[in-house]
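Peer 1: The amino acid sequence is not available; the structure is as follows:
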């Protein structure tokens, strides 16, 4: 392609992706991933370079989906102590799988924000009680809002609760989305049907006896081997699902520190190969996998190319 790759910035990503359209795409991708090469997916575990001097990390996430003819790599920096810039910065580079040509560079922060909440919604679709009415979100950042929007595609919640280590942040988000701000994590979690943990916690913020039987938990934070959001007892007494066994066994502190067994990848449930025990307490442990970024970015590029106002202006 002459003129180099297209550059697609965050505002255009948000215009081009609608969460309700992405949900079946992510669901299909997770199912294909759990079929391995039979599903047309080739994806190594994320490579992470620790930048100890500056307390940050650089991640390289690549995947190919043969069924979607999609090949891409996401480069993501993660600086959890950042004060005057985003904690996550990312770009997704899309290649032509037939030639290897770089065709587009897509903003990765927006992709990550949208697809992560949608992946949790896919898991909740299969694992949460269909009559869930109380949602608890622990965290108040971009992912908290993303998860609220994604899960609202599935349920009309009678009550939504927000907790954050900084109460003012919880109150701000609660006001914006019509939720209740809670002063403690326990207050938010008690009797909740669906719980989402989207924090930078390094030690457990939820205890097993706070969670009612039959609740479903989307555990999104604690993406390092020595970090935890959920207590070891909670992990061991729940039915644990994940996005990727290989990735979670290497990266997910909630899994590694607790020594729990992973019952299934969510893709195995999607494919009908493993059971969804939604009547039991379930945990969907996600660390975020490249195939989610690849198919999301492919959707953005396809819609960008077919949108005259973008390609001509």
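Peer 2: Nice, I can see it. The shown structure was predicted, so the numbers you read here are calculated from the model rather than taken from an experiment.
Peer 1: what separates stretch 102-117 from the chain centre, distance-wise?
Peer 2: Mean-position distance between stretch 102-117 and its chain equals 12 Å (Cα atoms, centre = their mean, to the nearest Å).
Peer 1: Ok, stretch 206-218 next?
Peer 2: On Cα atoms, centre = their mean, the centre of stretch 206-218 falls 19 Å from the chain's centre.
Peer 1: cool, stretch 93-103 as well?
Peer 2: 25 Å.
Peer 1: Mind listing residues that contact it?
Peer 2: With contact meaning Cβ atoms under 8 Å, 6 or more residues apart in numbering, stretch 93-103 is reached by 1, 4-6, 64, 69-75, 104-106, 297-298, 301. Yep, even glycine has a C-beta here, placed from its N, CA and C like the rest.
Peer 1: again, only using 6 Å
Peer 2: 5, 69, 71, 72, 73, 104, 105, 297, 301 (Cβ atoms under 6 Å, 6 or more residues apart in numbering).
Peer 1: Just checking: what are the partner strands of whichever strand or helix holds the third one?
Peer 2: For residue 71, the host element (DSSP states H and E) is strand 70-78. For strand 70-78, sheet partners with direction are given as strand 56-65 (antiparallel), strand 88-95 (antiparallel), following DSSP bridges.
Peer 1: which of the contacts of stretch 93-103 are buried?
Peer 2: 5, 71, 72, 73, 104, 105, 297, 301 (16 or more other Cβ atoms under 10 Å).
Peer 1: if we can go back for a sec, quick check: the two most widely separated of the contacts of stretch 93-103?
Peer 2: Farthest pair in the contacts of stretch 93-103 (Cβ to Cβ) is 69 and 105. Separation: 18.4 Å.
Peer 1: hang on, isn't residue 282 packed against residue 239?
Peer 2: Yes: Residue 282 lies in contact with residue 239 (Cβ atoms under 6 Å); the separation is 4.9 Å.
Peer 1: Residues in contact with the helix or strand where residue 173 lies: which ones?
Peer 2: Here residue 173 sits within helix 167-177, counting by DSSP H and E. The contact list for helix 167-177 (Cβ under 6 Å, 6+ apart) reads 140, 144, 148, 162, 163, 164, 180, 181.
Peer 1: Report the residue ranges of every domain in the protein.
Peer 2: 6-111+291-311, 115-290 (automatic domain parsing).
Peer 1: among those, which gets the worst mean confidence?
Peer 2: Of all those, the segment with the smallest mean pLDDT is domain 6-111+291-311, scoring a mean of 93.
Peer 1: now the strands for the stretch 1-150 of the chain?
Peer 2: Remark: strands assigned in the stretch 1-150 of the chain by DSSP state E, counting those that start in this stretch are 6-8, 41-42, 47-51, 56-65, 70-78, 88-95, 102-107, 134-138.
Peer 1: winner for burial among the ones you listed?
Peer 2: strand 134-138 (a mean of 27; mean count of other Cβ atoms under 10 Å).
Peer 1: what's in contact with it?
Peer 2: Residues contacting strand 134-138 (Cβ under 6 Å, 6+ apart): 144, 147, 157, 159-163, 185, 188-189, 192-197, 199.
Peer 1: mind listing which of those are in strands?
Peer 2: 159, 160, 161, 162, 163, 194, 195, 196, 197 (DSSP state E).
Peer 1: ChimeraX command to pick out the buried ones of those?
Peer 2: Buried residues among the ones in strands among the contacts of strand 134-138 (16+ other Cβ under 10 Å), as a ChimeraX selection:
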select :160,161,162,163,194,195,196,197
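Peer 1: Between the ones in strands among the contacts of strand 134-138, which sits nearest residue 80?
Peer 2: Scanning the ones in strands among the contacts of strand 134-138 for proximity to residue 80, where the rule is Cβ to Cβ, the winner is residue 197, at 15.0 Å.
Peer 1: Bridging across strands, which residues link to that closest one?
Peer 2: residue 138, residue 219.
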